[in-house]
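>>> With the input below, show me the fold.
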Amino acid sequence: MSNLAKLEITALDISGNNYMRWAVAAKRHLKGKRLLDTIDKSKSSPEEDKANAMIFLTHHIHDGLKDEYITKEDPADLWQALGDRFDHQKYVILPKAKHEWLNLRFQDFKSVAEYNSALFGITSRIMLCGENISDYDMIEKTLQTFHPGNVLLQQQYRAKGYTKYSELMQVLLVAEQNNEIVMLNHQSRPTGSAPFPEVNVAASNYNNYGRKRARSNDRGRGRGGYGRGRGHGRKFGPNDSTKNNNKRFKRNEDGRAIKQHENACYRCGMKGHWSRTCRIDVEHPVPHVHTQNGMAESLIKRLQLIARPLIMRTRLPISVWGHAILHAAALIQIRPSAYHKYSPLQLGSGQKPDISHLRVFGCAVYVPIAPPQRTKMGPQRRLEIYVGFTSPSIIRYLEPQTGDIFTARFADCHFNEGEFPALGGGIKEIPKDITWFTPSLLHLDPPTKQRELEVQKIVHLQNLANQLPDAFTDTRRVTKSYIPAANVPSRIDVPEEQTDGKINEPKVQLKRGRPMGSKDKNPRKKKKLGEVKIPEELDTEKSPEDGKSPEDENNKENHEISINYTQNRKIWVRNEIDDDDGIFSFYVSEEIDHESDDPDPRSILECQKRSDWEKWKMAMETELNSLNKRKVFGPIVTIPEHVKPVGHKWVFVRKRNEKNEVTRYKARLVAQGFSQRPGIDYEETYSPVMDAITFRFLMSLAASKNLEMYLMDVVTAYLYGSLDNDIYMKIPEGLKMPEALRSKSKEICAVKLQRSLYGLKQSGRMWYNRLSEYLLSKRYTNNAICPCVFIKKFPSGFVIIAVYVDDLNIIGTPKEIDDARTHMKEEFEMKDLGKTKFCLGLQIEHFQEGIFVHQSNYTKRILKRFNMDKANPLSTPMVNRSLNVENDPFRPCEDNEEFLGPEVPYMSAIGGLMYLANCTRPDIAFATNLLARYNSSPTRRHWNGIKHIFRYLQGTIDLGLYYPRNSEFGLVGFADAGYLSDPHKSRSQTGYVFTIGGTAISWRSQKQTIVATSSNHAEIIALHEACRECVWLRSMTNHIQEASGLVIKREPTRLYEDNAACVAQIKEGYIKSDRTKHIPPRFFSYTQELEKNKEVDVQYIRSSDNAADLFTKALPTSTFRKHVQSIGMRHLRDL
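Take a look at the predicted model:
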């Protein structure tokens, strides 16, 4: 028993405060002595072991406990009794340990070793109480409590993905030795303490010396506590006591007092020296570099992003920003964030905050007038401006006339959150709410572009602020400041321009962006397809005085957002759009065709988030297999010198049929050809395609000769073309690097393209060359007049292949069509789509009596896209116009009239209607052409004209061109002119139409480019334009018929004209007179030569029978319907 003469472990205290540690140590020693089973009642032990265990336990407990448990003979009973008495200690230790864990911060310790010691001490107590703390918890606790100055270091450690806390500690110890970690002194600045004196002098009255003057209770001059004043001597702290003074002195051998510095230096945290002699330098952040301020800058940015729109929504000056900041701070306290579902106020108080007192900043508030200042029959309230609240029951408001700040009781006030008074008076109505990313155009007057861009910028900046790593997500890490905000003005200056006595008078709305006295109504610039992208950084906070000229404001008025703006972010410039070549109208039609509530994805990431990802994945695999099958990719090599490889991108689209049903998911790997250099990466890019007039003629030929029409599609057509230049492309995903280059980065390698790829500038030309070479080798013929029409004649018939990129329309006799389909399938991978029912956006219906071509689905989509699908139908596309300059409903924009805003899709509507008018709806050609003149400066009157056309389309959705079978196959033309159709510029209108078998195949409605001095002059010009079109039509139709072996009637084309004088002049020759001498002879000579060569035969026709009248003027309903019927237009429901 000599080994028990002294304590082996700390004895159990009678209070039981050390019971948890004592129990662990006792178990450990009993286990070492092989006596652990003696305290377990479920196990039996020898009596000798029980005795030894009992001696050990009683020897290591307090003497008072020995007397209490002297009757216990079994160690298991003693152990259980002690446990029942003191086991509750873990319920005291555990909450305290958890509290210390929550408040533990890495940045509060002087060294990593001290932090380690504190961390393991806390975790040991928690684990002692039965809770578990993992390595992951300790790593996260350490990284989350880094100093804001170590944000980058924190991100680097997170990226390394440490799994053990010991690994992180090793790295931190090395970083501490290299002075890479910012750690503060725990004694000089514990959690929740006041800031340093250098940060805020007003907060330095804790254990520091102030500089203010004060009178102390003692006599004499000297520095008193907290100030300079009269007193008995020098004070060193806030409390004047001998005890405190004695602590600061000790006696030397001579009995002299030696002054000691017991207060810690606020610079380094050490004792024994003055702060001004400290060798530790305080580093201040670099000016204008907000990233060094960490969390503080993040909160400031967040307050700005909330306060700025509060001010912008009102009519208050910028000087109220202090109130807006306070209001923003209050909003942050009571609303949840992206990091926590509870608000900071709820986290602090444990109760859900009450938001019933919240009102819109800057709104109108009606405050009761004080009883001494009001009368019984007078006003009881006055209009004020709400600028926040001091508590849920007290509000702050501005006096509009003086700008003074007052408070009022919330319950006594009435609010109108739809009005925003201005300083000095006046009311601003609340704007409409913004709807983001609406799938369809639900209204035609959305918010302005400038406001939408500003809100988008704010949302973008808010997202960036939320992504900062040190946002205020943990309220325990924030040191509360008790200093009141000093930036809130007690009075707001009222702007002088609002106190001139005309407060309530509305300002006259002048034409936006146009200076007074300007005479240029519709400035026009160089015609081109103008497209403007939204700038990445748009400073919308600049005032009009910051260098903004009237021309810049005018340019903004000429902008218009596209109909799919929320998806493609495109903005058109109105006065830079010209659609002479049909590119713009075709682009708009593509937008309308592809517009739906479920748009196609634009990236692989978007595809993966969709429910139909498997179909897109299959489409991508099909595309890659096709590329490998065509051997598009050559060897992967290091990028040669002076070579710039092109990029690549995946494009996704869903193919649809004539019923707008999805038939196929298509994925394309395209090259980014915009980076190609002319003369180096490509030479020629032109590739011909079949035009709509030729296609309509082929359909009329098939109908009149009872021919068959079949459609075939070339799979990955561009991949068949060979490249004439060396093209290198960046390595796409899925291509394996060769063994020799696997050690190198993909950035310095590229793959050489062996065949043309979609997206390259010369791909279309390479494919056309490849196809034409094959067809010419099979004895097909084509002509420069129509290079995309290949014809082959057989003894028993013929076949025509009309090419539009990769769509092949095969027309001819049945046997020859089968032969052509077989030849095409042998050379190319083809898709046989059967009879042509849907091609180039046209719906083709095959009837026993003829072929009907229409665009019903497109018409429905365009009506739905512009919210006109439920409009009341009209009988004509345009009202009868008055050619009086002042009464014309479609006159140009006047001086006192405003442009349409960029939110009204005027140009998009014009583009969609022009595509329809150019393909199958000649009945709306004149109305569309007339309204298209005002693209640069449309007004509400012109927009009403657009809606008139939409209402006409609503009643004629199934109207189209009908080509009857076995009809008389001959080309007939009609020409007419509308004299002074544009009275504002004294220009006339040219209109002509050519029919075959009574159905139109070519038409045009266009304003003349020169001023006609008489109706005869205008008719001569129109006849000249019609003859030019006739010459091309004759050459195209004759070539196709001759190459097909069809019989051609060698007779002139009849061209009808309703001006008798014009017909006589063409027949009899040019006669110079006072009325005709000013007309250029070329208008006569060209037509007369065609008449002389028997190519055209100009004949007179009555105006009421001239079908070209449809293209020169607005007609009454009866006349309009007659001409529509005469050019072969029918309703699908009537066939």
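
>>> Please look at Ser843 and Lys837 and confirm they touch.
One thing to correct before we go on: residue 843 is Gln, not Ser. Yes - counting by CB atoms under 8 Å, Gln843 sits close enough to Lys837 to count as a contact (7.1 Å). Backbone N, C-alpha and C define where each C-beta goes, glycine included.

>>> Looking at these two, which is more packed in?
Legend: neighbour count by other CB atoms under 10 Å for Gln843 and Lys837, higher for Gln843 (21 against 16).

>>> part of a strand, is the more buried one?
Yes - counting by DSSP: H, G, I helix; E, B strand; the rest coil, one finds Gln843 located in a strand.

>>> Give me the distance between it and Lys659.
To Lys659, Gln843 is 9 Å away according to CB to CB, to the nearest Å.

>>> list residues touching both of the two?
The overlap between the contact sets of Gln843 and Lys659 (CB atoms under 8 Å, 6 or more residues apart in numbering) consists of Asn857.

>>> From Val286, how far out is Leu652?
In this structure residue 652 is Phe, not Leu. Going from Phe652 to Val286 by CB to CB gives 47 Å.

>>> same question, Gln144
On the measure of CB to CB, Gln144 and Val286 end up 26 Å apart.

>>> Relative to Pro392, how far out is Ala411?
To Pro392, Ala411 is 10 Å away according to CB to CB.

>>> Settle it for me: which of these two has more neighbours?
For Ala411 versus Pro392, neighbours defined as other CB under 10 Å are more numerous around Pro392 (13 against 7).

>>> wait, what's in contact with the residue lying closest to Tyr1056 once chain neighbours are set aside?
Excluding the flanking residues, the one nearest Tyr1056 by CB to CB, 6 or more residues apart in numbering is Ile1101, at 4.0 Å. Shown in contact with Ile1101 (CB under 8 Å, 6+ apart): Phe974, Tyr1056, Glu1057, Asp1058.

>>> Moving C-terminal from the helix or strand hosting the second one, which element do we reach first?
This points to Tyr1056. According to DSSP states H and E, Tyr1056 maps onto strand 1053-1057. The first helix or strand that comes after strand 1053-1057 along the chain, using DSSP H and E, is helix 1060-1068.

>>> Average pLDDT for that next one, rounded please.
Throughout helix 1060-1068, pLDDT has a mean value of 89.

>>> Buried residues of the helix or strand that it is followed by, list them for me.
Per DSSP H and E, the first helix or strand lying C-terminal to helix 1060-1068 is helix 1081-1092. Burial within helix 1081-1092, assessed by neighbour count using 16 or more other CB atoms under 10 Å, is assigned to Phe1083, Phe1084, Thr1087, Gln1088, Leu1090, Glu1091.

>>> how near is the closest residue in space to the fourth one that isn't next to it in sequence to Val1098?
What that stands for is Gln1088. Leaving aside its chain neighbours, Gln1088 sits nearest to Ile1066 (5.9 Å; criterion: CB to CB, 6+ apart). Using CB to CB, one gets 5 Å for the distance from Ile1066 to Val1098.

>>> Overlap of the contact sets of these two?
What both Ile1066 and Val1098 touch, as defined by CB under 8 Å, 6+ apart, is the set Leu1023, Thr1087, Glu1091.

>>> As TSV, those residues with pLDDT and distance to Ser603 would be great.
Shown next, in TSV, are those (pLDDT from 0 to 100; distance: CB to CB, whole Å):
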residue	pLDDT	distance to Ser603
Leu1023	95	55
Thr1087	91	57
Glu1091	92	61
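
>>> could you check the angle strand 1053-1057 makes with the lengthiest helix in the chain?
The single longest helix within the chain, with elements called by DSSP state H, is helix 1015-1044. With axes from the mean of the first three to the mean of the last three CA atoms, to 10 degrees defining the directions, helix 1015-1044 sits at 160 degrees from strand 1053-1057.

>>> The chain should start at 13 in everything you say after this.
With 13 as the first residue, the last one maps to helix 1027-1056.

>>> what's near enough to touch Met139?
Listed by CB under 8 Å, 6+ apart, the contact set of Met139 reads Ile145.

>>> from the chain's centre, how far out does the helix or strand encompassing it sit?
In this assignment (DSSP H and E), Met139 forms part of helix 124-140. How far helix 124-140 lies from its chain's middle: 48 Å, per CA atoms, centre = their mean, to the nearest Å.

>>> Could I get the buried residue list for it?
Residues of helix 124-140 classed as buried by neighbour count (16+ other CB under 10 Å): Val124, Tyr127, Asn128, Ala130, Leu131, Ile134, Thr135, Arg137, Ile138, Leu140.

>>> remind me which residues of the stretch 463-612 of the chain are low pLDDT?
Along the stretch 463-612 of the chain, segments meeting pLDDT under 70 span 463-466, 469, 474-571, 573-582, 584-609.

>>> Work out for me the element Ala420 sits within.
Using DSSP H and E, Ala420 falls within strand 417-421.

>>> Only the buried residues of that strand, if you could.
For strand 417-421, burial by neighbour count (16+ other CB under 10 Å) applies to Ile417, Ala420.

>>> Stretch 639-653 now?
Within stretch 639-653, the residues scored as buried using 16+ other CB under 10 Å are Leu639, Arg642, Val644, Phe645, Ile648.

>>> now do stretch 736-747
Ile739, Tyr740, Met741, Lys742, Ile743, Pro744.

>>> now, which of these lie within strands?
Among these, DSSP state E puts Ile739, Tyr740, Met741 in strands.

>>> Reformat the buried residues of helix 1093-1104 into JSON lines and put distance to Met749 next to each item.
Below are those laid out as JSON lines (distance: CB to CB, whole Å):
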{"residue": "Phe1095", "distance to Met749": "68"}
{"residue": "Phe1096", "distance to Met749": "72"}
{"residue": "Thr1099", "distance to Met749": "69"}
{"residue": "Gln1100", "distance to Met749": "72"}
{"residue": "Leu1102", "distance to Met749": "67"}
{"residue": "Glu1103", "distance to Met749": "72"}
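
>>> from those, which single one is nearest Met702?
Leu1102 (26.2 Å; CB to CB).

>>> what about the spatially closest residue to the closest one that is not a sequence neighbour, how many neighbours?
Counting by CB to CB, 6+ apart, the nearest residue to Leu1102 once its immediate chain neighbours are dropped is Val1108, at 4.6 Å. Using other CB under 10 Å as the criterion, Val1108 is surrounded by 25 other residues.

>>> residue contacts, Phe1123?
Pro934, Ala937, Phe938, Asp988, Gln1001, Gly1003, Tyr1004, Val1005, Trp1015, Arg1016, Ser1017.

>>> what two of these are the furthest from one another?
Across the contacts of Phe1123, the longest distance by CB to CB is 14.4 Å; it joins Pro934 and Gln1001.

>>> what's the neighbour count on Ser615?
Residues within reach of Ser615, counting by other CB under 10 Å, total 12.

>>> List the residues that contact it.
Trp662.

>>> Give me the pLDDT for Leu943.
pLDDT, Leu943: 94.

>>> ok, now how distant is it from Ile961?
Note on Leu943: its distance to Ile961, by CB to CB, is 8 Å.

>>> can you check Gln345 too?
On the measure of CB to CB, Gln345 and Ile961 end up 56 Å apart.
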